[in-house]
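*Asks:* Based on what follows, work out the 3D shape:
(chains A, B and C)
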Amino acid sequence: MTQSHSLQEIADFLGAELRGDPACRIKGLNTIEHAATSELTFLASKAYEHFLSTTQASAVIVEERLADKLTCNALVMANPYVGYARITAWFDNSLDTVNGVHPTAVVADSAVLAKGVAIGPHVTIGERVRIEAGVNIGPGVSIGNDSTIGSGSRLFSNVSVYHGVSIGRNVVIHSSTVIGADGFGFANDGGKWVKIHQLGGVEIGDNVEIGACTTIDRGALGNTVIEDGVILDNHVQIAHNVRIGENTAMAAYAGISGSTTIGKNCVFAGQAGAVGHITVGDGVVAMARCTISKSISKAGSYSSGLLMSETTAWRKNAVRFGQLDDMARRLRKLEKASQT
Amino acid sequence: MTQSHSLQEIADFLGAELRGDPACRIKGLNTIEHAATSELTFLASKAYEHFLSTTQASAVIVEERLADKLTCNALVMANPYVGYARITAWFDNSLDTVNGVHPTAVVADSAVLAKGVAIGPHVTIGERVRIEAGVNIGPGVSIGNDSTIGSGSRLFSNVSVYHGVSIGRNVVIHSSTVIGADGFGFANDGGKWVKIHQLGGVEIGDNVEIGACTTIDRGALGNTVIEDGVILDNHVQIAHNVRIGENTAMAAYAGISGSTTIGKNCVFAGQAGAVGHITVGDGVVAMARCTISKSISKAGSYSSGLLMSETTAWRKNAVRFGQLDDMARRLRKLEKASQT
Amino acid sequence: MTQSHSLQEIADFLGAELRGDPACRIKGLNTIEHAATSELTFLASKAYEHFLSTTQASAVIVEERLADKLTCNALVMANPYVGYARITAWFDNSLDTVNGVHPTAVVADSAVLAKGVAIGPHVTIGERVRIEAGVNIGPGVSIGNDSTIGSGSRLFSNVSVYHGVSIGRNVVIHSSTVIGADGFGFANDGGKWVKIHQLGGVEIGDNVEIGACTTIDRGALGNTVIEDGVILDNHVQIAHNVRIGENTAMAAYAGISGSTTIGKNCVFAGQAGAVGHITVGDGVVAMARCTISKSISKAGSYSSGLLMSETTAWRKNAVRFGQLDDMARRLRKLEKASQT
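*Replies:* A predicted model of the protein is given here:
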């Protein structure tokens, strides 16, 4: 928590042009509004430009066009928000420096752990699991038989990974998240449900981040697939045999039903979802609470849902929604009458 | 993972009529499109009928009327999808064969465990808990005082069962799911919330399946009840004193508010819900995102929510929704004027 | 489970006026409909008034105006529901009486535990954690470095608290809930996501209750804040740098996006939410599935979403929604024509 870096070091790491004192020591990051001496900040939004002249920060990451307005040190970059994102890694003190396997961890004899892994207390690692170098596994995590965790990945406390799950490199998985639980597959036999045992697995690519209390179900036959660079927020649901394309982002409560394929670079806002057995192309944006109800090949933004209003006004309109088809017919009738 | 079964064994188990080689060995299951030699598949949808003549499977579960189109072995049944569901159990290798109580499990002296139970690492079992034969409890599960788990049930890693919860036979509960947490009950005393301690429990019947990250709250007074054969997906919320009738199915994010009774053989699609203190009869289907806002006695399908459209078009219509009552009044006025 | 209290003791605790036998022993609580001899009940809703003359309870908490209708003992209070809420604490047997640190718990040497704490099996407590008197921590809980838990708080099994989280006094947190996971912050660098390490923490006030499978993310820079007396149900999502004002209540699946401030004494019904970077004033009520899409300063009730109808009728109206802007224009045109 007391790390400090010179502005020169930071400029070199970011590939930014340094205007000011290269020896200036930076002890932390903060917002442009709240930053104090020895702190670095950034300007990524017009709404905050008026703080450029008043910020107490020791340095600001800015675009070229705004650098002149600064009275403190400047790190000039084309995309200051990306610069800020990259330098946060230097000030993250979340990782314990402990290494090795905690004595309370239960590791199957047939599991293979690379050197330099950190396995926390009360972890359970199943048969034939393979864990690569630099992996950090938090307290209470369970890894099922035959699963693999790629190098540099981090699983926070109480994550559950079932058997036969393949996780790539530099993947982050937050607490209470469940990878590889059974997909929701049942056949109806005269009113009673017969379970379809889920015989597939889950494949997660590299550089994927998965939030807390999120679920990615195993495939029924064949795998559920999360491609490289996907980011999922908390409470996301990915059903069996779904495929999520590279660099797609999904906010909280986004839910994708079974056997649906989502393209690359899509964005699902909060509570957006997609029904099962459809294909959504690259670059589709689903706004909050949008249900994608059929296949989409055209990139762009899609919505369903309603705007907010005061409840008294809303109720009148909501009641009218139930009369909408009738209203449309009556309108058509009036139009016809007026044309005669 | 190397189990294999003769087609005759499978036909006998399913009660299917075998047409072809009874000695044919089946090593796995697959879709009709992707199946290879030594694999069994099934045909349950018209959309896949064209694969009947090209599938590489060694055998297909089919209806009588399609059996002739096959060039490989056939297992003829009235409902091939049920046949497929039932045979998946033979190819499920998710269950560890280990038995007994892991030395790291903490089991209260007053707990009673039947013979043949499997209790995983880091499990905690409270006072007076009763666990019947054949139960399998995964790593990190916690079972509160006075709870019972019926024979053949399976709890995956990191499930939390509170005190005073009764779970039936052959129940499956997936990871991070919480059974018996306090219902959300508070009295408002001049702006401050006074907790209503939740003094009831939870009763779960036989053959119930509960997904991951799902919550079933304990009753305030009296129990929350899940009847036999209910299936719940991930992220489902069942509030205090709810009753869910036999064989009802609920998809991800379905949520039932307090003291509501749901009938038998209902289906709740994703994010469908019901408000509190109502009664929903048997055979009701709530479509995705439908809020059941009052009691329903009539079986059938119910909806709320909107269809998806491109955001630019949607926005125009969504703004008009706020004018809908006004539009209805103006339409009425025009009609009156035209009648004079 | 065999505790019993005299009616006089209960009346004294509640500050209620006792009419009847002060020595009457109360062994439990129940609803007015189902209560039996030796049970106490309450009347808080007109819908149950007809049970006043038939209840088998030994005593009823009632308002003054209804006390005469009772044939059994009465505890007279202005707000019987609050009286009921307060007395439930006396009949709650959920808390183990065990104290001390379970031998399987892993507690860092630098952690400071007050006397009289109860730390369950398989718990992990990080470096420099401070746990105050009377705290009860259930099995499998993990507390990250530098976090603090105030006196009298209770964390149920498998809760995950990350590093740098401050939890106040008399806080209740239910199972699988995650406090302090990373906020969902990423910068887009030419299509790829660059993680913004989340350097802030979480502050939770006193007398807060948090349900199961709920997530409260740590701040990006600065803290996420939950003020005193807030109550959150299951599956709630509080994003990074959100502030929730005192005594605000949120039901299941309520979700607040990043950097939004919610006022005091607000109520969010199930699946209600708010977009990011807005301010919602005190006393705002968001009805079920309402998305608060802009700042609100005026107290009152807000809605979005639609009423339920049968699917066949709904579908016709939902299709018309896509024609609504067109209908509005055509209506305007007819109006103009009729005025000429």
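
*Asks:* Can you give me the end-to-end span of stretch A:101-108?
*Replies:* With CA to CA, to the nearest Å as the measure, stretch A:101-108 spans 12 Å from end to end.

*Asks:* now that stretch, how far from the chain's geometric center?
*Replies:* A distance of 30 Å separates the C-alpha centroid of stretch A:101-108 from that of its chain, computed with CA atoms, centre = their mean, to the nearest Å.

*Asks:* So which bits of that stretch are buried?
*Replies:* A:101, A:102, A:104, A:105, A:106, A:107 (16 or more other CB atoms under 10 Å in any protein chain shown). (Each C-beta comes from the backbone N, C-alpha and C, glycine too.)

*Asks:* Please apply the same query to stretch A:65-79.
*Replies:* A:66, A:67, A:70, A:72, A:73, A:74, A:75, A:76, A:77, A:79.

*Asks:* Run the contact check for that stretch versus chain C.
*Replies:* Yes - applying CB under 8 Å from any CB of the partner chain, one finds stretch A:65-79 touching chain C at residue A:79.

*Asks:* Give the helix, strand or coil label for residue A:9.
*Replies:* The local conformation at residue A:9, judged by DSSP: H, G, I helix; E, B strand; the rest coil, is helix.

*Asks:* Revised request: answer the last question for residue A:83.
*Replies:* Assignment for residue A:83 (three-state DSSP): helix.

*Asks:* correct me, but it touches residue A:17?
*Replies:* No - at 11.1 Å, residue A:83 and residue A:17 do not qualify as touching, with contact defined as CB atoms under 8 Å.

*Asks:* where do the contact lists of the two overlap?
*Replies:* Residues touching both residue A:83 and residue A:17 (CB atoms under 8 Å, 6 or more residues apart in numbering or on different chains): A:75, A:77.

*Asks:* tell me the two of the buried residues of stretch A:65-79 that are most distant?
*Replies:* Greatest spatial distance in the buried residues of stretch A:65-79: A:72 and A:79, 20.1 Å, computed using CB to CB.

*Asks:* just to revisit the earlier point, of residue A:83 and residue A:17, who's got more company?
*Replies:* Between residue A:83 and residue A:17, counted using other CB atoms under 10 Å in any protein chain shown, the more crowded position is residue A:83 (27 against 12).

*Asks:* wait, does stretch A:89-107 contact chain B?
*Replies:* Yes - contact between stretch A:89-107 and chain B, assessed by CB under 8 Å from any CB, occurs at A:104, A:106.

*Asks:* and that stretch, is it in reach of chain C?
*Replies:* Yes - legend: contact between stretch A:89-107 and chain C by CB under 8 Å from any CB is shown at A:89, A:91, A:92, A:93, A:94, A:96, A:102, A:104.

*Asks:* Not counting sequence-adjacent ones, nearest residue to the fifth one?
*Replies:* Which is residue A:94. Among residues not flanking residue A:94 along the chain, residue C:163 sits closest, at 5.7 Å (CB to CB, 6 or more residues apart in numbering or on different chains).

*Asks:* how close does the one you found sit to chain B?
*Replies:* Using CB to the nearest CB, to the nearest Å, residue C:163 is found at 20 Å from chain B.

*Asks:* With residue A:168 instead?
*Replies:* Distance from residue A:168 to chain B, by CB to the nearest CB: 21 Å.

*Asks:* now swap in residue A:245 and tell me
*Replies:* From residue A:245 across to chain B, the span is 19 Å (CB to the nearest CB).

*Asks:* would CSV of the buried residues of stretch A:101-108 with pLDDT and secondary structure be doable?
*Replies:* CSV is the format used below for the buried residues of stretch A:101-108 (pLDDT from 0 to 100; DSSP: H, G, I helix; E, B strand; the rest coil):
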residue, pLDDT, secondary structure
A:101, 97, strand
A:102, 97, coil
A:104, 98, coil
A:105, 98, coil
A:106, 98, strand
A:107, 98, strand
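
*Asks:* Nearest to residue A:187, out of those: which one, please.
*Replies:* Each of the buried residues of stretch A:101-108 was scored against residue A:187 by CB to CB, and residue A:106 proved nearest at 36.5 Å.

*Asks:* Provide a list of residues in contact with the closest one.
*Replies:* A:123, A:124, A:125, B:102, B:104, B:121, B:122, B:139.

*Asks:* nearest to residue A:331, of those?
*Replies:* Using CB to CB, residue B:139 comes nearest to residue A:331 of the contacts of residue A:106, at 63.2 Å.

*Asks:* got a pLDDT number for the closest one?
*Replies:* pLDDT, residue B:139: 98.

*Asks:* Measure how buried it is and give me the count.
*Replies:* Residue B:139: 30 neighbours (other CB under 10 Å).

*Asks:* That one is in what secondary structure piece?
*Replies:* Assigned by DSSP states H and E, residue B:139 belongs to no helix or strand.

*Asks:* got the contact list for it?
*Replies:* Here residue B:139 is in contact with A:106, A:124, A:142, B:120, B:121, B:122, B:123, B:157, B:158 (CB under 8 Å, 6+ apart).

*Asks:* about what we covered before: what's the ChimeraX syntax to select whichever of the residues of stretch A:89-107 next to chain C are buried?
*Replies:* The ChimeraX command for the buried members of the residues of stretch A:89-107 next to chain C (criterion: 16+ other CB under 10 Å) is given here:
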select /A:91,94,96,102,104
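
*Asks:* Which pair of the residues of stretch A:89-107 next to chain C spans the longest distance?
*Replies:* Farthest-apart pair in these is A:91 and A:104; separation 31.0 Å (CB to CB).

*Asks:* list the buried ones in the longest helix belonging to chain A?
*Replies:* If you go by DSSP state H, chain A has its longest helix at helix A:324-339. With burial defined by 16+ other CB under 10 Å, the residues of helix A:324-339 counted as buried are A:324, A:325, A:327, A:328, A:330, A:331, A:334.

*Asks:* just these that are near chain C?
*Replies:* Taking CB under 8 Å from any CB as the test, chain C is in contact with A:324, A:325, A:327, A:328, A:331, A:334 out of these.

*Asks:* can you put these in JSON lines and add distance to chain B and pLDDT?
*Replies:* Shown next, in JSON lines, are those (distance: CB to the nearest CB, whole Å; pLDDT from 0 to 100):
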{"residue": "A:324", "distance to chain B": "8", "pLDDT": "94"}
{"residue": "A:325", "distance to chain B": "12", "pLDDT": "94"}
{"residue": "A:327", "distance to chain B": "6", "pLDDT": "94"}
{"residue": "A:328", "distance to chain B": "10", "pLDDT": "94"}
{"residue": "A:331", "distance to chain B": "6", "pLDDT": "95"}
{"residue": "A:334", "distance to chain B": "6", "pLDDT": "94"}
